[in-house]
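Colleague: Take a look and give me a structure for this.
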Amino acid sequence: MNVTDTVMIEMIKYYQNDPKRIQHFTKVHAYASLIGRMEGLEKEVQRILELAALVHDIGIKPAEEKYHDCNGKLQEQEGPAPAEELLKKADVDIQDIDRIKYLIAHHHTYSNIDGMDYQILVEADFLVNLYEDGLNKENIYAVRESVFRTNSGIQILNEMFGLEI
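Modeller: Below you'll find the predicted structure:
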């Protein structure tokens, strides 16, 4: 098994008996992986993106336990520590862990996006959340205009939701 598979298995264990959360991070991972490949990311950036996509919402569980809430800011605040623990256990390089922790700590912050891994993670999360949250087309158009930047993410969004170009 490769590192990505190991992290996915560990995240499934982490969210044992919570299929909604497991379904969410696996879908975000699938879209992030696809967009990264479509955009031609370098191998190292693609690896970091895929690992970050798997663990991006790891902060939900501690946020719910501590605050009985799991809003985006709490996810960003509570996610890096358990992610570091899980990623170290999976033998992820420390430099990669630092970037992944940064992405977790900012994945609900849509300003000052610094890097394709960050941009694609945000887009992949939105692709899944827009569907899961049942947003209407007007809101989806607004998200496309304000958040999406990659040609691949825009293409998938347009096709998924039948948006006009």
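Colleague: In which helix or strand does F148 reside?
Modeller: Under DSSP states H and E, no helix or strand contains F148.
Colleague: before we move on, what SS does the residue lying closest to it once chain neighbours are set aside have?
Modeller: Leaving aside its sequence neighbours, F148 sits nearest to I154 (CB to CB, 6 or more residues apart in numbering; 5.0 Å). From N, CA and C alone the C-beta is placed, and that goes for glycine too. At I154, secondary structure determined by DSSP: H, G, I helix; E, B strand; the rest coil is helix.
Colleague: got a pLDDT number for I154?
Modeller: Note for I154: predicted pLDDT of 98.
Colleague: repeat for I165
Modeller: 87.
Colleague: What count of nearby residues applies to it?
Modeller: When neighbours are defined as other CB atoms under 10 Å, I165 has 5 of them.
Colleague: Then V55?
Modeller: V55: 29 surrounding residues under other CB under 10 Å.
Colleague: Offset the numbering so it begins at 19, please.
Modeller: I'll keep to 19 as the first residue from here, and by that count the last item is V73.
Colleague: okay, which residue is most central for this protein?
Modeller: The structure's the chain has its C-alpha centroid closest to A71; by CA atoms, centre = their mean the separation is 3.6 Å.
Colleague: and the gap between that one and K45?
Modeller: Using CB to CB, to the nearest Å, A71 is found at 9 Å from K45.
Colleague: again, but for R39
Modeller: Separation of R39 from K45 (CB to CB): 11 Å.
Colleague: thinking again about what came up before, which strand or helix spans the residue nearest to the centre of the chain?
Modeller: helix 61-73.
Colleague: so what secondary structure elements neighbour that helix?
Modeller: helix 21-32, helix 37-56, helix 98-107, helix 112-122, helix 134-150 (3 or more CB pairs under 8 Å, 6 or more residues apart in numbering; DSSP states H and E).
Colleague: what's the most buried one of the ones you listed?
Modeller: helix 134-150 (a mean of 22; mean count of other CB atoms under 10 Å).
Colleague: I'd like the mean pLDDT over the helix holding A71, please.
Modeller: 98.
Colleague: Sounds good, over and out.
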